[in-house]
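Engineer: Got a predicted structure here, sequence first:
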Amino acid sequence: MKTIYTILLLVVSNIFMTFAWYGNLKLTEMKVITDWPLILIILASWCVALLEYLVMVPANRIGSDVNGGPFNLVQLKVIQEVISLIVFMIITLKVFKMGTFSWNHAIGFGFMVLAVYFCFKK
């Protein structure tokens with residue numbers, strides 16, 4: 001169960017982080033925050049990033065073999081990066097409506113799967 005909890009928490013945290021980093025661009029495009037000063041946009045992003053940390057830290061603690069979880073530090077980081085890129089790609093395609101998923105993206109994801117394979121190989 002720790003594996004499932006870790007992965008689910010990492011997915012949620014990466015959704016928050018993607019919006020913390022790039023949400024302001026969508027809100028600007030939608031003309032919601034066009035007049036906001038940069039410092040206010042940064043503070044709003046930090047508030048969203050705080051939500052990300054409230055989920056990411058427990059994910060790392062549950063998943064880490066230091067605390068009895070199933071993953072060593074390298075495995076945990078590789079899983080997080082793969083989840084981060086998958087979440088980013090889905091949000092980019094569905095929320096930001098940017099581009100399409102093409103063959104070079106599929107090859108890139110294939111290499112990420114290979115990275116996970118090699119990081120988990122004994």
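Structural biologist: Ah, there it is.
Engineer: Which residue is the nearest non-sequential neighbour of the spatially most central residue of the chain?
Structural biologist: By CA atoms, centre = their mean, the chain has its centre lying nearest to N14, at 2.6 Å. Spatial nearest neighbour of N14, excluding adjacent residues (CB to CB, 6 or more residues apart in numbering): V87 at 4.2 Å. Heads up, the C-betas are built off the backbone N, CA and C, glycines and all.
Engineer: In contact with that neighbour, which residues?
Structural biologist: Residues in contact with V87 (CB atoms under 8 Å, 6 or more residues apart in numbering) are V11, N14, I15, T18.
Engineer: that older thread, I'd like to know how far the residue nearest to the centre of the chain sits from F118.
Structural biologist: 22 Å (CB to CB, to the nearest Å).
Engineer: Buried among the contacts of V87? Make that a PyMOL selection.
Structural biologist: A single PyMOL command selects the buried members of the contacts of V87 (16 or more other CB atoms under 10 Å):
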select buried, resi 14+15+18
